[in-house]
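Novice: Task: produce atomic coordinates for the following.
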Amino acid sequence: MNIATNTNANKRNVLLAHGSFDTLIDKPDQEYKSISLAEIAKMVSDPQATEKADAAFIIPSSYRAHDGRKHSAQREHGEFHYLALDIDEGSPSLVELKDAVKRATGNAVAMIYSSSGASEDNRKWRVLIPLLEPISGADYGDTQLALFSMMGEQQIVTDPALARVGQPIFLPNVPPAKRDQHGQPLFYHQDLHRGDGYLDVKNSEIWANMQFRRQQVEIAERQVAQDRAARQAERIARREASGDDLDPVAEFNARHTVEDMLLRCGYTRDGNSQSYSSRYQSSGSFATKNFNNEYWVSLSGSDVGAALGAVKGDYCWGDAFDLFCHFEHNGDMKAAVRSYAGELRPANDYIAKRAKIARDEASARAETADDLDGFDIVPETVQQQGGIIVPVETSAISEDILKPDADPYQQNFAVDSKGRAPFNHHNAMEIEREQKHSLRCRGRILHGKHYLSRQALAGGDGREGRSQPAVERVFRHMGRRHAGR
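Specialist: Okay, here's the model as predicted:
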């Protein structure tokens with residue numbers, strides 16, 4: 001760890017503001033106030049006595065323009081002169097925290113102070129670590145995450161929000177409500193640790209850790225690009241083999257961006273960046289990165305342990321559909337594909353389509369059952385088909401009974417919904433009993449049903465009928481020619 005003692009770092013001023021409502025975003029001709037290292041150190045020794053809503057805070061960057069509180073502006077223009085820690089969990093003692101900071105920084109200068117919400121039973125801390133040379137806004141977040149990781153290895157849990165380039169860091173403050181009658185803090189502890197000098201972060205273990213994390217992302221990105229291409233080729237081959245021109249996975253990814261699905265699945269975004277934190281993560285780091293809205297890669301061990309997407313060693317990756325599958329279908333790929341395919345083409349659901357056809361046919365049969373309309377064009381002769389014999393028979397029935405003006409109820413006929421007397425077994429027997437005159441009529445049996453042509457019912461061809469009760473025999477000998485023809 002390189003430490004420098006001769007430096008102008010204490011002369012570098014950083015952005016200073018007071019309270020969450022202190023903003024110049026609509027005042028482009030103005031810039032924020034500043035504060036020096038020496039002024040901060042003095043405040044550590046003698047904290048302000050202000051309500052939090054009006055308390056002073058810094059963004060540890062020298063960029064102080066009107067948009068200096070915007071993450072995007074600081075990421076692009078910022079030069080950061082401090083690393084920072086926010087410890088709100090675990091209630092470590094000052095000694096425990098100081099030792100961990102010394103190990104992580106190589107005994108560099110550090111300013112440690114309790115936060116305004118701290119108490120003896122619930123210790124909370126802030127740490128500012130001045131740098132020998134500033135780092136860019138593009139490097140600040142990853143460098144902070146590397147420091148957080150090293151602190152975590154020592155059981156010190158840090159708030160990952162401070163990895164965000166525009167995140168306020170409140171300066172030492174003990175509100176009036178947490179002071180005694182003499183104005184002294186009920187609880188406040190601090191340590192201005194001089195150490196061996198200012199932190200030369202680019203030659204530190206912290207920087208090496210940050211570079212290693214970036215290399216992991218680059219390696220993962222290259223490997224994922226290969227795996228993704230192979231997976232797409234497999235999907236295409238399966239689709240071609242099945243003869244189905246619809247790929248639910250491809251359609252889902254075409255209609256849903258990775259960014260949309262990350263937010264839909266409860267991920268927390270780091271400002272306007274493409275880094276996210278999943279619900280599984282306990283460290284709070286933004287370990288998931290979105291690559292061009294095509295796929296994502298996570299270096300979170302928690303995500304790997306949850307089998308999120310495709311797991312490859314110490315990282316996992318996937319596309320928008322993988323998020324849909326994991327979070328909305330419990331990782332069941334078949335269920336996810338089936339569900340989305342049903343959304344895409346309900347009209348092409350073949351099972352449902354067959355059921356609909358069957359219902360339509362049944363409905364049509366019900367409407368036309370025993371209906372004599374349409375049978376006036378039955379051909380004079382019907383050939384045998386499929387082993388079914390279609391006989392032509394004669395019968396003696398009453399001409400008056402089937403006249404349009406006749407009242408079928410007088411003969412106790414069964415009638416259909418249109419008030420007509422269909423030619424069924426009951427009515428055939430009724431006709432047989434009520435016959436008074438003869439006429440030749442032509443009929444047929446097709447698939448076990450007997451029909452009369454409208455022409456025959458209107459009068460037939462005038463030939464005499466046979467003496468045997470033909471109608472009754474027709475129903476008794478369905479599908480067979482009867483003797484006596």
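Novice: where along the stretch 101-250 of the chain do the strands fall?
Specialist: 110-114, 125-136, 169-170, 190-193, 198-199 (DSSP state E, counting those that start in this stretch).
Novice: got JSON lines for the ones you listed, with mean pLDDT too?
Specialist: Conversion of the strands of the stretch 101-250 of the chain to JSON lines gives the following (pLDDT from 0 to 100):
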{"stretch": "strand 110-114", "mean pLDDT": "97"}
{"stretch": "strand 125-136", "mean pLDDT": "96"}
{"stretch": "strand 169-170", "mean pLDDT": "96"}
{"stretch": "strand 190-193", "mean pLDDT": "96"}
{"stretch": "strand 198-199", "mean pLDDT": "96"}
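Novice: Could you list the domains of this protein?
Specialist: 3-203, 214-347, 369-485 (automatic domain parsing).
Novice: Report the distance from the longest one to the chain centre.
Specialist: Taking the mean of its C-alpha atoms, domain 3-203 sits 38 Å from the chain's own mean (Cα atoms, centre = their mean, to the nearest Å).
Novice: Assess the claim that residue 304 and residue 315 are in contact.
Specialist: Yes - using Cβ atoms under 8 Å, residue 304 makes contact with residue 315 at a distance of 6.7 Å. Where C-beta positions appear, they are placed from N, C-alpha and C, glycine not excepted.
Novice: which of the two has more neighbours?
Specialist: residue 315 (24 against 19; other Cβ atoms under 10 Å).
Novice: Now that one: closest residue in space, sequence neighbours ignored.
Specialist: residue 220 (4.7 Å; Cβ to Cβ, 6 or more residues apart in numbering).
Novice: Hmm, residue 317 and the one you found touching each other?
Specialist: Yes - between residue 220 and residue 317 there is a contact at 6.9 Å, judged by Cβ under 8 Å.
Novice: anything in contact with each of those two?
Specialist: Residues touching both residue 220 and residue 317 (Cβ atoms under 8 Å, 6 or more residues apart in numbering): residue 297.
Novice: the more surrounded of these two?
Specialist: residue 317 (25 against 22).
Novice: Report whether the more buried one is found in a strand, as I expect.
Specialist: Yes - counting by DSSP: H, G, I helix; E, B strand; the rest coil, one finds residue 317 located in a strand.
Novice: pretty sure it is touching residue 299, no?
Specialist: No - Residue 317 is beyond contact range of residue 299, at 10.0 Å (criterion: Cβ under 8 Å).
Novice: which residues are common contacts for these two?
Specialist: residue 220.
Novice: residues in contact with the residue positioned nearest the centre of the chain?
Specialist: A centroid search over the chain (Cα atoms, centre = their mean) returns residue 324, at 4.1 Å, as the residue closest to the centre. By Cβ under 8 Å, 6+ apart, the contact list for residue 324 reads 252, 256, 261, 336, 340.
Novice: Which one of these is nearest to residue 67?
Specialist: Nearest to residue 67 among these, counting by Cβ to Cβ, is residue 261 at 30.0 Å.
Novice: quick one: contacts for the closest one?
Specialist: Here residue 261 is in contact with 320, 323, 324 (criterion: Cβ under 8 Å, 6+ apart).
Novice: give me that answer again for 6 Å
Specialist: 320, 323 (Cβ atoms under 6 Å, 6 or more residues apart in numbering).
Novice: Now do it against residue 181, distance only.
Specialist: Distance, residue 261 to residue 181, by Cβ to Cβ, to the nearest Å: 56 Å.
Novice: before we move on, what about residue 242?
Specialist: 81 Å.
Novice: More neighbours: the two, which one.
Specialist: residue 242 (10 against 5).
Novice: what's the neighbour count on residue 331?
Specialist: With other Cβ under 10 Å as criterion, residue 331 counts 15.
Novice: phi, psi of it?
Specialist: Main-chain dihedrals, residue 331, degrees, to the nearest 10: phi 80, psi 10.
Novice: And residue 165, by the same measure?
Specialist: phi -70, psi -20.
Novice: same deal with the one 3 residues further on?
Specialist: In terms of degrees, to the nearest 10, the main-chain angles of residue 168 are phi -70, psi 140.
Novice: how close does it get to residue 208?
Specialist: 29 Å.
Novice: For those two, indicate the residue with more neighbours.
Specialist: residue 168 (19 against 12).
Novice: Go ahead and confirm that one touches residue 57.
Specialist: Yes - using Cβ atoms under 6 Å, residue 168 is in contact with residue 57, at 4.1 Å.
Novice: Once you drop chain neighbours, what's closest to residue 141?
Specialist: Of all residues not flanking residue 141 in the chain, residue 163 sits nearest, at 4.7 Å (Cβ to Cβ, 6+ apart).
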